[in-house]
Every structure is written in structure tokens, then in C-alpha cells.
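[1] all I have is the shape, not the residue letters:
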């Protein structure tokens, strides 16, 4: 018993907390993005955080010459280093007496001043700091428990498998009858033209006129079935509502519980059973990357490898960097013009450059797939005009306005400033889509089927928990256009939603008898908030 007590005391006396606390930001960010990143993307961050611990702790040891007291000082410095970006985002909209607090020139000196004061207190209270080692170890272990548990659970759970039995249960007979190429093109966060006009003062009539001149039917009263990407696409690609697909809607599972239903969807399985070849593109968003497609198309390899080289940051590292004190140096580069700020700003732009290249590669290569022989199912998820804003109206690169993320980060207030960036990206996407669609129609030996949809609308001005009607309509209303064989478009109607898109296509092309479902639009407060709550907003929006 005495020996055990001695071991516990010795363990408590060893300052593990600097290493534990420095790994917390990395693991918690990884746990919050499971399913959207590869865990390997966090490896370098963990190694780098350990190196930072050694450096900071070493400097503190030189000053204090007490490894336990210097460990406390190192932990305080590391918490400050890794939390600055979070504090900045929190205080950014605040002001006192008309003076905005969320400015680096105010916040950074204040932040460093408080840190200096804490350092002085630790210096003067070295004995108390030594005694705090056990408690800091316990606090750090407790803090790490949740993200570590999430990561371990993720690694230990196998994703759902769509079996041959499940495929057969759909009731569609396998056939090699073939048919026209089928393109399913998703322009992420592309809202309806009436919303673009009424809420964002953008005239989209020229693009609609283009579509109609190419024999597209534009459903001008269409709503998404679900207001988040993975929810929307898992429903449309399986021609059913989530409640009838058996998908686990447990909180915290998004988008993991949707990924297999997108990658190995009912639509894909039906078409492959009929002899179709699946063609898909890299998207930069893991749940929509059909990497096992017969043709999975990546950006130009030399350029892609250059962007993914060891010296560049991946998207996870870019997000992590934005939460640290480096955020101030990155944002102030245009004013400071120092080698350090320039280096950090360039590295912070790496994830954006990679995602921009992925989008451009899809836009460039999409019209070329018509040359692939045989009937094809082409799935192209273009992560634009969704944020971040990579393109101006003419394809130019606008100034970076924040850290790279594919999650919406638009504030509910002051959203009008974002509107020109969104509509500029809409204009660019329109210009590229016009060329793409014309090329596909021209190069296809048999008139293709093309479904062009938004998965949902933008988040601009949306307060997730209590959305006003205009912001909710903008999020739920979608571009929804169909190029179908003569006679097939007779089944289309203004309110058609994505859940019925492939039901109509299959009924027309293959003579199936799939009933059309009621067009219902569900709104979910942000998928990372509690509780998970799907709300039928169809009546409210119509």
C-alpha cells in the first residue's frame, strides 16, 4: 500500500500537464471534425505541439530553475498560445463605448499583458506552483478524456456496409440495358433565383434563360429536403427520407453516419447494376468523395503534389493555426510586412489554395468525361458557391477573410458585407457551368440526363437556433434544374425536391414504377449543437 501511494505521489509530482494540455487543442479539433478529415492530417500538429512544449518549458526552466514550477509556467504559456484565436473570435463582435474589442491591435497587447502578469505571479509563488502539479495533471487528463474517447470510438467502429442483400431489397432487377449518361452536378449552397433577387439583390435571370434555352426545366419553387450537405445528399442519392433509410441520427455522428449512404448510394447501385460506370471527382469534403468509383478523378498530379508537399499546411493544420496566437500575425501581415508574418500568411493560405485547385480541376475536367465509353453515372459535388469565397465574378482570388473551413462561419449580424462575395462566386460558377453544360451536350453521342442542383442554400445571416423566415428560406430554397429526354419532363413540377429527382429519372428511363414522395423540407439547427432536431418547415416556407 505504501509503495502504491509512493508511486501515485511520484506520478502526481511529475508535470505531465504541459504535454497533455498542448495536445488538447489538436485532439479536440480532430474529434470535432471526425469524418471530414483523415486523422493522419493531425499527426504533424501533435508532433509540432510536443516540440513547442520542449522549447517553452526549456525557456521557463532557464528562468525559474525548477522543473515543476517551470512546467506550470509552460502550461500557462501554451494555453495562451493555443487559445488566442478562440478568444479573438469570441470578442470580435463586441465593443465598449463604440470601440471594437475584436481588433488585434487592442486584443494582442492586452492578451500578452495578462500573460506577463501571470508569469510574474508564478515567479513569485514558485512554491505554490510546484504544489499545483498534481492538480494540473488531473485537470489536463480530464480535459483530454472527451476528445480521446471520441477518436478511439471512431477508430474502433466500422462504418455501415451496404450489402448485396440490401441492394436486392430495393426491388430493381439488374440489367445491362444501358441508357444515356446521367450527370448529377451539385453546386454547394446555390440558392434559388427568387431568393438571389429578393434577399441578395442579384439578378440570376440570364443564367436561368441559358438553362431554359438548352431545354432544362427549372423548378422555380424547389426546396431542399434537408438543410445540411450530408443530410441532403444521403436523402437525394437514396431517393428517400432519412427516417426511412435506417440512418442513425444520433447527435455527434454527423457526417459519419451519412457517408456510406452517399458513397454507396441506392442510385449508384441501381445504375451500376444496369451496366453504368461511375465517374466521380475529388471534392475536398470526405463524405462526398467516391474514391472507389471506376473513375475517380483528381486534380493535375504535379500541381496537387506540390500543394500537398511537406512544407505546406493541410486544411486541418490551417484551422488549428487560426486558433493560435499566430492568427494575429497572419491577419496583420498586410500592415507589418515582416518575413515571419509573410511566411505564416502564405502557410495559412495553403489549404485555401488546395481547395481552390480541387474546384478548378472539377470544373475543367467535368466536360471531358463524355469521352469515356459506355453509359456513365457522373457525380460532381462542386463546393461552390459555398464558403470560403475562392472566386470573384471573373475567377479572380479575393482577399482571404478568415481561416479556411468548409463549415459556414457567417455571423447572424452584419451579414450584408458577405453578400457581394457570395453573389460574386455565384456569377463565376454560372459562367463556368454554362461552358461545361454546352460541352457536355455537344460531346454526348446520346442526349444526356443532367440534374443540376444546390444541396441547400447559403448560411448568410442565419441564426441557427432561431432563424428568421428570410434567412431560413435562403437556406432551404435551391437551384433545381433538369435536362431530361423528350416527354420525361412532363413529370416535373415547380415544387419538386431532390428526394424525387431520381424517382422521375428512373421511371422515365427504365420503366420503373417508383411512387413520388411528398416534398417535405426539414430544417436542422446546426448539426454540432444539441439536441439533434429535424423540423418540418415546408408549410412555413410555402
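    Yep, it's here. All values derive from a computational prediction rather than experimental measurement.
[2] OK, contacts around residue 183?
    With contact taken as C-beta atoms under 8 Å, 6 or more residues apart in numbering, residue 183 is in contact with 378, 380, 440, 448, 449, 450, 451. (Glycine included, C-beta is placed from N, CA and C.)
[3] confirm that it sits in a strand.
    Yes - with DSSP: H, G, I helix; E, B strand; the rest coil as the criterion, residue 183 is located in a strand.
[4] hang on, the earlier thing: so how do I select the buried members of the contacts of residue 183 in PyMOL?
    Buried members of those, defined by 16 or more other C-beta atoms under 10 Å, are picked up in PyMOL with:
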select buried, resi 378+380+440+448+449+450+451
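[5] with distance to residue 102 and secondary structure as extra columns, can I get the contacts of residue 183 in JSON lines?
    Output for the contacts of residue 183, formatted as JSON lines (distance: C-beta to C-beta, whole Å; DSSP: H, G, I helix; E, B strand; the rest coil):
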{"residue": "378", "distance to residue 102": "44", "secondary structure": "strand"}
{"residue": "380", "distance to residue 102": "38", "secondary structure": "strand"}
{"residue": "440", "distance to residue 102": "46", "secondary structure": "helix"}
{"residue": "448", "distance to residue 102": "50", "secondary structure": "coil"}
{"residue": "449", "distance to residue 102": "49", "secondary structure": "strand"}
{"residue": "450", "distance to residue 102": "45", "secondary structure": "strand"}
{"residue": "451", "distance to residue 102": "43", "secondary structure": "strand"}
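[6] farthest-separated two in the contacts of residue 183?
    380 and 449 (13.7 Å; C-beta to C-beta).
[7] closest one of the contacts of residue 183 to residue 416?
    Of all the contacts of residue 183, the one sitting nearest residue 416 is residue 380; the distance, using C-beta to C-beta, is 31.2 Å.
[8] apart from its chain neighbours, what residue comes closest to the closest one?
    Ranked by C-beta to C-beta, 6 or more residues apart in numbering and with sequence neighbours excluded, the top spatial neighbour of residue 380 is residue 185, at 4.9 Å.
[9] check which helix or strand the nearest residue to residue 16 once chain neighbours are set aside maps to.
    Once flanking residues are discounted, residue 16 sits nearest to residue 137: 5.1 Å by C-beta to C-beta, 6+ apart. Here residue 137 is covered by helix 133-156, with elements defined by DSSP states H and E.
[10] cool, and residue 474?
    Assigned by DSSP H and E, residue 474 belongs to helix 469-476.
[11] so after that helix, what's the next helix or strand?
    strand 480-483.
[12] the following helix or strand past that following strand - what's its average pLDDT?
    Beyond strand 480-483 on the C-terminal side, the first helix or strand identified by DSSP H and E is helix 501-510. Per-residue pLDDT over helix 501-510 has a mean of 96.
[13] what residues does helix 501-510 touch?
    Residues outside helix 501-510 that contact it (C-beta under 8 Å, 6+ apart): 172, 175, 177, 179-180, 182, 236-237, 239, 267, 270, 274, 449, 451, 453, 480, 482, 484-485, 487-488, 491-492, 496, 512-517.
[14] hmm, which of the residues you listed are the buried ones?
    172, 179-180, 182, 236-237, 239, 267, 270, 274, 449, 451, 453, 480, 482, 484-485, 488, 491-492, 496, 514.
[15] ranges for the helices of the stretch 1-150 of the chain?
    Per DSSP state H, counting those that start in this stretch, the stretch 1-150 of the chain has helices spanning 2-13, 17-32, 43-64, 67-91, 104-124, 126-131, 133-156. These are given in chain order.
[16] correction: the previous question concerned the stretch 301-450 of the chain.
    With DSSP H, counting those that start in this stretch as the definition, the stretch 301-450 of the chain shows helices at residue ranges 301-307, 315-322, 326-331, 333-336, 339-348, 350-365, 419-443.
[17] the second one - contacts with which helices or strands?
    Same thing as helix 315-322. Helices and strands touching helix 315-322, by 3 or more C-beta pairs under 8 Å, 6 or more residues apart in numbering; DSSP states H and E, are helix 17-32, helix 43-64, helix 326-331, helix 339-348, helix 350-365.
[18] the longest one - what's its average pLDDT?
    Read it as helix 43-64. Helix 43-64 shows an average pLDDT of 86 in the prediction.
[19] same question, the last one
    For helix 350-365, the mean per-residue pLDDT is 87.
[20] also the shortest one?
    Taken as a whole, helix 326-331 has a mean pLDDT of 79.
[21] chain neighbours aside, what residue packs nearest to residue 449?
    Counting by C-beta to C-beta, 6+ apart, residue 182 is the residue found nearest to residue 449 once chain neighbours are left out, at 4.6 Å.
[22] how about the contacts made by the one you found?
    271, 276, 375, 376, 377, 378, 448, 449, 450, 451, 505.
[23] mind putting those residues into JSON lines with distance to residue 389?
    Converted to JSON lines, these look like this (distance: C-beta to C-beta, whole Å):
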{"residue": "271", "distance to residue 389": "34"}
{"residue": "276", "distance to residue 389": "35"}
{"residue": "375", "distance to residue 389": "36"}
{"residue": "376", "distance to residue 389": "31"}
{"residue": "377", "distance to residue 389": "30"}
{"residue": "378", "distance to residue 389": "26"}
{"residue": "448", "distance to residue 389": "31"}
{"residue": "449", "distance to residue 389": "31"}
{"residue": "450", "distance to residue 389": "26"}
{"residue": "451", "distance to residue 389": "25"}
{"residue": "505", "distance to residue 389": "33"}
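[24] tell me, how many residues neighbour the residue lying closest to residue 389 once chain neighbours are set aside?
    Leaving out its chain neighbours, the residue that sits closest to residue 389 by C-beta to C-beta, 6+ apart is residue 421, at 4.2 Å. One way to gauge burial is a neighbour count; for residue 421, by other C-beta atoms under 10 Å, it gives 20.
[25] of the helices of the stretch 301-450 of the chain, which is nearest residue 145?
    Shortest distance between residue 145 and the helices of the stretch 301-450 of the chain, using C-beta to C-beta, is found for helix 315-322: 20.2 Å.
[26] I'd like the distance between residue 487 and residue 504.
    12 Å (C-beta to C-beta, to the nearest Å).
[27] and residue 282, how far from residue 357?
    Between residue 282 and residue 357 the distance is 10 Å, computed by C-beta to C-beta.
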